[in-house]
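Visitor: Return atomic coordinates for the entry below.
(one chain, ligands or ions: 1)
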Amino acid sequence: MPDYEPDKQELASRDVVSRRMKEHMLKGKGVQSPYGEHLWMDLRHLGKEHLTTKLREVVDICMYFIGVNPITELIPVRPTQHYSMGGIRVNKDGHAYNLEGLFALGEVACWDMHGFNRLGGNSLAETVVGGMVVGKKVAEYTKKATLIADKTLAEQFAKKEQDKMAKMLNNANGENVYKLRDEISAILIKDVHIFRTEEGLTRATEGLLDIIKRTKNIKVHSKAPGMNPELSSALRIEGMAKQAYIIAKGALDRTESRGAHSREDYPKRDDDKWLNRTLARWPEPDGEPVFTYEPVGLLDLPPGYRGYGDDLRVDMKISIEKYNKKMIIDSKVSLTDYERLVNAEDEEKDSFLKAHVNSIRKHVDQLSDKNYQDLYDIESPDFVLMFIPIEPAFAVAVTEDNSIYNKAFEKNIVIVTPSTLLATLRTIDSMWNNEKQQRNAIEIARQAGALYDKFEGLVNDLTGVGKKIDAAN
Ligand SMILES: Cc1cc2nc3c(=O)[nH]c(=O)nc-3n(C[C@H](O)[C@H](O)[C@H](O)COP(=O)(O)OP(=O)(O)OC[C@H]3O[C@@H](n4cnc5c(N)ncnc54)[C@H](O)[C@@H]3O)c2cc1C
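Guide: Residues are numbered from 1 along each chain as shown. You can find the predicted model right below:
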């Protein structure tokens, strides 16, 4: 990682690490094994003390699952999915949009805590904080709700499921559920993986549609009554295949790269076309899913460039067409030293704090040297907003050097944080609005003046005509 991401190294986000790993393997530097290609991860330099106290879980996972001792041995690793960014679309209370009484939260839900990527630690916030918020809403809903149990409907459904199980258990000739599961997995790993293309995704959707059909004809070999893992897998496989198809088809249609969705044939994020959520419904079980798109709407945290290093790409252009002006927000400031500061022992804190303040100062200088207006075809912005996504990261920097904000301001850079970003944007919006009103008032006065001049001319002419008529009389 130091070669690929010298600034962040192993602290780079999961999607970036996955991409770098894949690139390394594509260069032919992977290790072949009976379980597929992998890389080696070396933690031996951290030493026994560090590994057994600060990374205990890593040691346990290595020992229990693959029998590798990371204190003395290399660990085989490979890039894979780091989180399911999509899920059941719910509102802020965790209530599903389209199914009254269904609540969802956590990795299974689309609760708007994540976009096309997942920030580190967000799952914890989602399950713990979100769990509390949504849990209360479920309790409130349950108190008011009345249970209308339609026995006939339940019996019909139970009969349908029993028939399905009987068919699978008695099937003389049918598909093996584990084979189908492995085929789904192979398709996703080959063509719906870290880097995606139209060709691969098309192949994946075709393959998955075929598997969906084959899930209708399964033979369950194990006839054990009660807890039967093969039977429970068989009952789930159709849903798994359909879910995989929705992911592949949604990715195929989305002709851009965003967050963890990385298209080789469309490497750029396209906010004009794709600042929306893909919604998929499957109204007819034997038909095909229906895809619609929901605009993302106003965001507290705007989409930005989430890579690392010196990059001249504009993070976001806020276009308020009615003012014919555009605002640039930069969110590339490195917070590596801040992370180190937070995790540091007492004696190390001072040096990391200084490094963090220097990093912000350096970024201000770099930003001021960049001429964004020359890079893009946009009206020259008066100033740039520099967004620091972690509030305390800015607070500690200002405590250490209280001139940091003013010095940036002198260079036409306004430092904003999550709590000040929206207020700042609203102030800019109101300033532009005032400016426009002022321009309108001047225009009205100019046109009124011109009208007055014309009217005065007309009156003079008419007076002249009147005088001439009087003289003629
Ligand atoms: C290796 C790894 C490392 C991670 N590290 C971090 C981290 O450092 N920080 C962080 O914030 N997040 C991390 N995550 C992500 C985080 O752990 C998950 O997003 C989070 O645990 C999801 O919680 P959940 O309750 O939504 O779902 P889950 O934890 O998946 O819980 C779902 C539960 O439902 C059960 N279930 C499924 N089907 C049925 C059924 N039909 N009937 C009854 N029960 C069922 C499952 O057995 C499971 O217990 C990591 C994930 C992985 C895999």
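Visitor: alpha carbons only for contacts and neighbour counts from here, please
Guide: Will do.
Visitor: So D93: helix, strand or coil?
Guide: Taken by DSSP: H, G, I helix; E, B strand; the rest coil, the conformation at D93 corresponds to coil.
Visitor: Could you give the number of residues near it?
Guide: 17 (other Cα atoms under 10 Å).
Visitor: what about the nearest residue to it once chain neighbours are set aside, which helix or strand?
Guide: Nearest residue to D93, sequence neighbours excluded (Cα to Cα, 6 or more residues apart in numbering): V134, at 5.4 Å. Taking DSSP states H and E as the criterion, V134 maps to helix 122-144.
Visitor: and what of P79?
Guide: For P79, there is no host helix or strand (DSSP H and E).
Visitor: Quick one: residues contacting it.
Guide: P79 is in contact with 17-19, 21-22, 194, counting by Cα atoms under 8 Å, 6 or more residues apart in numbering.
Visitor: So which of those sit within helices?
Guide: 17-19, 21-22 (DSSP state H).
Visitor: Spell out which parts of the protein neighbour the ligand.
Guide: Within the chain, the positions lying close to the ligand (Cα under 6 Å from any ligand atom) are 106-108, 121-124, 127.
Visitor: where's A280, which helix or strand?
Guide: Using DSSP H and E, A280 falls in strand 276-281.
Visitor: what's next to that strand, contact-wise?
Guide: 246, 250, 289-296.
Visitor: Mind checking which of those are buried?
Guide: Buried members of the contacts of strand 276-281, counted by 16 or more other Cα atoms under 10 Å: 246, 250, 289.
Visitor: which one among these gets closest to N460?
Guide: G250 (72.7 Å; Cα to Cα).
Visitor: show me what contacts the closest one?
Guide: By Cα under 8 Å, 6+ apart, the contact list for G250 reads 278, 291.
Visitor: Repeat the analysis, applying 7 Å as the threshold.
Guide: Contact partners of G250, counting by Cα atoms under 7 Å, 6 or more residues apart in numbering, are T278.
Visitor: related to what we said a few turns ago, please enumerate residues in contact with the helix holding V134?
Guide: Residues outside helix 122-144 that contact it (Cα under 7 Å, 6+ apart) are 93-94, 105-106.
Visitor: Tell me the helix or strand right after that helix.
Guide: The element immediately downstream of helix 122-144 (helix or strand, assigned by DSSP H and E) is helix 151-170.
Visitor: What residues of the helix or strand following that next one count as buried?
Guide: Going down the chain from helix 151-170, the next helix or strand is helix 177-191, by DSSP H and E. The neighbour-count check on helix 177-191 (16+ other Cα under 10 Å) flags 177, 180-181, 183-184, 187-188, 190-191 as buried.
Visitor: which one of those residues sits closest to the ligand?
Guide: Nearest to the ligand out of the buried residues of helix 177-191 is R181 (Cα to the nearest ligand atom; 16.1 Å).
Visitor: one step back: from the buried residues of helix 177-191, which has minimum pLDDT?
Guide: In terms of pLDDT, the weakest of the buried residues of helix 177-191 is K190, which scores 93.
Visitor: L208 versus that residue, what's the distance?
Guide: 12 Å (Cα to Cα, to the nearest Å).
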